[in-house]
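Participant: coordinates only, sequence not included:
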């Protein structure tokens, strides 16, 4: 809509400058009245932002705690793998040693059995 000189709208006969001034005064009053309440109360958007920040902080804290737990578990797994490999190696060597002893004892039994049969 175009405003003619003098600021009067011909269709509604409003004074836009006076309306704008009145609107500014109204907004200022609302802001001043609302400012007293804003200091004490938290706006919904501020509350959402606060909750999101708390959620983020909690998530970061849980992530760090999980990283520590995983690191501990990973180290335990590596230790257990190393220990089990060593135990398997030791058991394999013991099996080979005992198998050799059994074969030696079996050979001794055969030779002694043959000797007994000769007598």
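Facilitator: Great, that's in hand. Everything numeric in this text was worked out from a predicted model, so none of it was measured.
Participant: which residues of this structure score low on pLDDT?
Facilitator: Counting by pLDDT under 70, the chain has low-confidence residues at 1-22, 25-40.
Participant: For it, which segments are assigned as helices?
Facilitator: For the chain, helices defined by DSSP state H occupy the ranges 16-40, 44-118.
Participant: got the ones you listed as CSV, with mean neighbour count columns?
Facilitator: Quick note: C-beta positions are derived from backbone N, CA and C, even for glycine. As requested, the helices of the chain are exported to CSV (neighbours: other Cβ atoms under 10 Å):
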stretch, mean neighbour count
helix 16-40, 10
helix 44-118, 10
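Participant: what's the distance between residue 115 and residue 83?
Facilitator: In this structure, residue 115 lies at 47 Å from residue 83, with Cβ to Cβ, to the nearest Å as the measure.
Participant: same deal with residue 118?
Facilitator: 52 Å.
Participant: Over to residue 72?
Facilitator: Distance check for residue 72 against residue 83: by Cβ to Cβ, it reads 16 Å.
Participant: cool, and residue 70?
Facilitator: Taken as Cβ to Cβ, the spacing of residue 70 relative to residue 83 amounts to 20 Å.
Participant: One more: residue 112?
Facilitator: 42 Å.
Participant: How about residue 93?
Facilitator: 16 Å.
Participant: go on, residue 23?
Facilitator: With Cβ to Cβ as the criterion, residue 23 and residue 83 are 80 Å apart.
Participant: likewise residue 89?
Facilitator: Applying Cβ to Cβ, the value for residue 89 to residue 83 is 11 Å.
Participant: overlap in contacts of those two?
Facilitator: Counting by Cβ atoms under 8 Å, 6 or more residues apart in numbering, no residue touches both residue 89 and residue 83.
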